[in-house]
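Engineer: Fold the following, please.
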Amino acid sequence: MMAKKEKKEVTFTEGSVFQALIRFAIPVLGALVLQAAYGAVDLLVVGQFGDASSISAVGTGSSFMNMVTFVITSLAMGSTVIIGQHIGEKKSEEAGNAVGTTIVLFLLIGVLLTVVLEIFAGDIVSLLQVPEESTEKAILYIRICSGGILVIIAYNVISGILRGIGNANLPFVFVGVACIFNILGDLFFTGLLHMDVAGVALATVLAQLISVIISAAVLRKQKMPISFSKKQCCIHARELKLILKVGVPIAIQEAMVQVSFLVINSIINQMGLLPSAGYGIAQKVVSFILLVPSSIMQSVSAFVAQNIGAGKRKRAKQGFFTAILVGCSVGILIFCAGFFAGKQLSMPFTSDPEVIAQSAAYLKGFSADCILTCILFSSIGYFNGSGKSFPVMLQGITSAFCIRIPISVFIAGLPDTSLVYMGMATPITTVYGIIFFAVCFVILKKKNRKNSFVKIA
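Structural biologist: This next block holds a predicted model:
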């Protein structure tokens, strides 16, 4: 039987569209803020107690680990969508089977990733063209974080499952716990014990481990609108197929996007230590800037999934347009902060004026993306929630390898180029993504009309 829904679970299929999205998006945004703070604190602490080589190592190493985390989160989106659709269909047992399949699937992925990243950490740093002064530190950072990849996966899988059933509050609490312990760990290992890069990496892993232990204990006492038992912790072929059908294209899309950013990181690393360190700090600031569109994307995905499952396609579209309006309204304010206050946003991470100037330069070129990404991410959320993730994958691949990387290579080769111009590659790429999805919506609309005509005939 379906367990009775509690207030902390948002009902997407009834009531005000705006209120449902906001009630879900705010705790999602809160969790993302804390998650971004989680990584930013690492760079902030190492920037205060280390030097430019440490900043560059943590900046590049964390960018790579963020890529791994984002790909895992994207794959877990398949579970979020399928669980959400089962909830909308009121199929609690199938939702439980999806949860069990998710647990086993990501356990296997975690073991494989741990082995691969530990073995090839040196090769990864070499490919990223890390400045020579930062090479050993970057390898150490990646190896320590890779040792805790199972913990990172566990947190993101738990969050994905909870968001699938409409609960964004608990993930917010869990990441808050991790953030607190990460700050304490950074100050202890790096500030007090002077462990530099190794200290922030160790603090990251231990903090997430504590968070996962607490979240597992809390979840055991929670009532959820699914039927789940330990016996369901196995691979259910039908659910696996559904999860992978949605999750794999999303993961590929995210992987391509993150790979393209790593290529840009590699290009900037070749510009010298100061641009490398400045870009590392700018990326941490960007991770905060993109929180609003990211929370919107996750909210739209969960909203659309439940309404598609309930057969309410019109309401799903209303959620999509509402998300764009809200996101762009906030995006204008964030654009102003990134464009006009780049130095102030970068100063907490380092006292080096040259590194601050490099970071501010990149943010000025990037800042237009604050508005544009709200439209793009809402579109991605709609297609993900609809279970149509192939267009998302295609957009991710083409934007990364046909737009972002070629433009970045071209800009890097210009005489007297700067991080201002390098930053502009991202909003240019986002414009392409918006046009891509506009075409997809037109094609989808024509297809739906054709299907409706066939049914009437």
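Engineer: give the contact list for the most centrally placed residue in the chain.
Structural biologist: Computing the C-alpha centroid of the chain and ranking residues by C-alpha atoms, centre = their mean puts Phe70 first, at 4.6 Å. For Phe70, the contacting residues are 254, 257-258, by C-beta atoms under 8 Å, 6 or more residues apart in numbering. For every residue, glycine as well, the C-beta is placed using N, CA and C.
Engineer: Tell me the one among those residues nearest to Ser301.
Structural biologist: The nearest member of those to Ser301, counting by C-beta to C-beta, is Glu254 at 12.8 Å.
Engineer: picking up where we left off before, the host helix or strand of the residue nearest to the centre of the chain - what's its average pLDDT?
Structural biologist: Per DSSP states H and E, Phe70 falls inside helix 52-89. The pLDDT scores in helix 52-89 average 81.
Engineer: Renumber starting at 57 from here on
Structural biologist: Done: numbering now begins at 57, and the last item shifts to helix 108-145.
Engineer: quick one: buried residues of it?
Structural biologist: Neighbour-count burial for helix 108-145, counted by 16 or more other C-beta atoms under 10 Å, picks out 108-144.
Engineer: same deal with stretch 484-494?
Structural biologist: 484-489, 492-493.
Engineer: quick one, what contacts Gln288?
Structural biologist: Gln288 sits in contact with 152-153, 155-156, where contact means C-beta under 8 Å, 6+ apart.
Engineer: repeat that with 6 Å
Structural biologist: By C-beta atoms under 6 Å, 6 or more residues apart in numbering, the contact list for Gln288 reads 152-153, 156.
Engineer: any idea how far it is from Gly115?
Structural biologist: Going from Gln288 to Gly115 by C-beta to C-beta, to the nearest Å gives 42 Å.
Engineer: got it, and Pro404?
Structural biologist: Distance from Pro404 to Gly115, by C-beta to C-beta: 14 Å.
Engineer: got it, and Leu428?
Structural biologist: Distance from Leu428 to Gly115, by C-beta to C-beta: 24 Å.
Engineer: ditto for Glu192
Structural biologist: 15 Å.
Engineer: Where does the prediction get shaky in the chain?
Structural biologist: 57-66, 91-92, 94-95, 220-221, 278, 280-281, 504, 506-513 (pLDDT under 70).
Engineer: please redo it, this time with the cut-off set to 50
Structural biologist: Residues of the chain that meet the criterion pLDDT under 50 lie in 57-63, 509-513.
Engineer: That one: strands as residue ranges?
Structural biologist: Counting by DSSP state E, one finds no strands in the chain.
Engineer: rewinding a little: turn the contacts of Gln288 into CSV, including neighbour count.
Structural biologist: Converted to CSV, the contacts of Gln288 look like this (neighbours: other C-beta atoms under 10 Å):
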residue, neighbour count
Gly152, 22
Asn153, 26
Gly156, 19
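Engineer: Identify those among those that sit within helices.
Structural biologist: If you go by DSSP state H, the contacts of Gln288 have 152-153, 156 in helices.
Engineer: Ser332: which of these is nearest?
Structural biologist: Using C-beta to C-beta, the ones in helices among the contacts of Gln288 come closest to Ser332 at Gly156, 44.1 Å.
Engineer: thought the closest one was touching Cys289?
Structural biologist: Yes. Counting by C-beta atoms under 6 Å, Cys289 is a contact partner of Gly156 at 4.5 Å.
Engineer: thinking again about what came up before, among the buried residues of stretch 484-494, which one lies nearest to Phe80?
Structural biologist: Looking across the buried residues of stretch 484-494 and measuring by C-beta to C-beta, the closest to Phe80 is Phe493, at 22.0 Å.
Engineer: How about the closest one, nearest residue that isn't a chain neighbour?
Structural biologist: Ser435 (3.8 Å; C-beta to C-beta, 6 or more residues apart in numbering).
Engineer: Number of residues surrounding the nearest residue to Ile390 once chain neighbours are set aside?
Structural biologist: Of all residues not flanking Ile390 in the chain, Cys426 sits nearest, at 4.2 Å (C-beta to C-beta, 6+ apart). Counted with other C-beta atoms under 10 Å, residues neighbouring Cys426 total 27.
Engineer: How about Asp107?
Structural biologist: Neighbours around Asp107, by other C-beta under 10 Å: 16.
Engineer: Look up how far Val341 lies from the residue nearest to Ile390.
Structural biologist: 11 Å.
Engineer: what's the answer for Ala154, then?
Structural biologist: 36 Å.
Engineer: related to what we said a few turns ago, closest to Leu100 out of the contacts of Phe126?
Structural biologist: Looking across the contacts of Phe126 and measuring by C-beta to C-beta, the closest to Leu100 is Gln314, at 22.5 Å.
Engineer: Report the contact partners of that closest one.
Structural biologist: 123, 126.
Engineer: For the residue nearest to Gln354 when sequence neighbours are not counted, give me its contacts.
Structural biologist: Leaving aside its sequence neighbours, Gln354 sits nearest to Val84 (C-beta to C-beta, 6+ apart; 5.2 Å). Residues in contact with Val84 (C-beta under 6 Å, 6+ apart) are 224, 351, 354-355.
Engineer: between the residues you listed, which has the most around it?
Structural biologist: Ser355 (32 neighbours).
Engineer: and Phe237, what is it in contact with?
Structural biologist: Neighbours of Phe237 in contact, by C-beta under 6 Å, 6+ apart: 263, 266.
Engineer: hmm, try it at 8 Å
Structural biologist: Neighbour list for Phe237: 259, 262-263, 266-267 [criterion: C-beta under 8 Å, 6+ apart].
Engineer: Ok, Ile491 next?
Structural biologist: So Ile491 contacts nothing (C-beta under 8 Å, 6+ apart).
Engineer: One more: Glu310?
Structural biologist: 126-127, 129-130, 452.
Engineer: Ignoring the adjacent residues along the chain, who's closest to it?
Structural biologist: Ser130 (3.8 Å).
Engineer: re the thing from before, adding distance to Gly375, write the contacts of Val84 out as CSV.
Structural biologist: Output for the contacts of Val84, formatted as CSV (distance: C-beta to C-beta, whole Å):
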residue, distance to Gly375
Ala224, 15
Ser351, 14
Gln354, 12
Ser355, 8
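Engineer: quick check, nearest of these to Gly216?
Structural biologist: Gln354 (9.2 Å).
Engineer: my read: the closest one touches Arg219, true?
Structural biologist: Yes. Judged on C-beta atoms under 8 Å, Gln354 makes contact with Arg219 at a distance of 6.3 Å.
Engineer: tell me, what's touching these two both at once?
Structural biologist: With C-beta under 8 Å, 6+ apart as the test, Gln354 and Arg219 both reach 84, 136.
Engineer: picking that back up, looking at Ala154 and Val341, which one has more neighbours?
Structural biologist: A direct count of neighbours by other C-beta under 10 Å for Ala154 and Val341 places Ala154 higher, at 31 against 24.
Engineer: Good, wrapping up.
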